[in-house]
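Asks: Okay, predicted coordinates and the sequence, questions at the end:
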Amino acid sequence: MPMAESSDDPLRLDNQVCFPLYAATNLLQRLYRPLLAPLGLTYSQYLVMLILWERAPVTVGEIGSCLHLDNGTLTPLLKRMERGGFITRNRDPRDERRVLVAPTPHGQELRAQALKIPEDLTRKITLSTGEIEALRSSVVSLVHLLADDIDRRKESNARVATQ
């Protein structure tokens with residue numbers, strides 16, 4: 001079957017909303033890599049540390065909710081961070097089912113080094129502050145829409161499973 005070449009073809013890569021988001025995420029992570037290397041953090045680990053620097057201790061579930069990651073993805077990441085000396089994971093004394101995550105003293109010290117990362121990244125992206133904020137706002141809105149849809153599907157599937 002010949003490939004469709006029409007610009008209105010719904011399966012053209014250029015017509016997908018997911019592709020520019022995917023490409024932008026990959027390229028942003030590449031920009032972050034040299035900025036995070038002196039801290040010894042990967043991009044995913046940096047995101048976890050941002051949460052912990054803001055409001056530690058937090059549960060694994062709270063981190064998963066913030067990052068939109070499931071436990072199967074998050075647990076290996078947290079184990080690597082614990083082995084690397086960035087975080088501690090301890091059972092919540094009030095509820096043994098919950099695991100609390102907090103930065104170690106070393107992890108907390110990295111915050112001072114990380115303070116320059118947003119500014120360094122902004123210098124690499126040649127958008128105005130207003131353009132960056134508008135882009136961030138649009139993407140945040142998209143994330144909320146997608147997360148809400150996924151939550152509705154989970155609720156619907158749970159209702160069907162209990163019937």
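Replies: Cool, the structure landed.
Asks: hey, where'd the helices end up in this structure?
Replies: Here the chain has its helices, by DSSP state H, at 18-36, 43-55, 60-67, 71-83, 105-114, 117-124, 129-162.
Asks: Next, the angle helix 117-124 makes with the last one.
Replies: Counting by axes from the mean of the first three to the mean of the last three C-alpha atoms, to 10 degrees, helix 129-162 lies at 120 degrees to helix 117-124.
Asks: Just put the helices of the chain in a markdown table and tack on mean pLDDT, distance to Asp92 and mean neighbour count.
Replies: Quick note: C-beta positions are derived from backbone N, CA and C, even for glycine. Below are the helices of the chain laid out as a markdown table (pLDDT from 0 to 100; distance: least, C-beta to C-beta, whole Å; neighbours: other C-beta atoms under 10 Å):
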| stretch | mean pLDDT | distance to Asp92 | mean neighbour count |
| --- | --- | --- | --- |
| helix 18-36 | 96 | 29 | 13 |
| helix 43-55 | 98 | 15 | 17 |
| helix 60-67 | 96 | 10 | 16 |
| helix 71-83 | 96 | 15 | 14 |
| helix 105-114 | 98 | 19 | 15 |
| helix 117-124 | 93 | 31 | 12 |
| helix 129-162 | 89 | 24 | 10 |
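Asks: quick one: which of those helices is nearest Pro93?
Replies: Nearest to Pro93 among the helices of the chain is helix 60-67; the distance by C-beta to C-beta comes to 15.5 Å.
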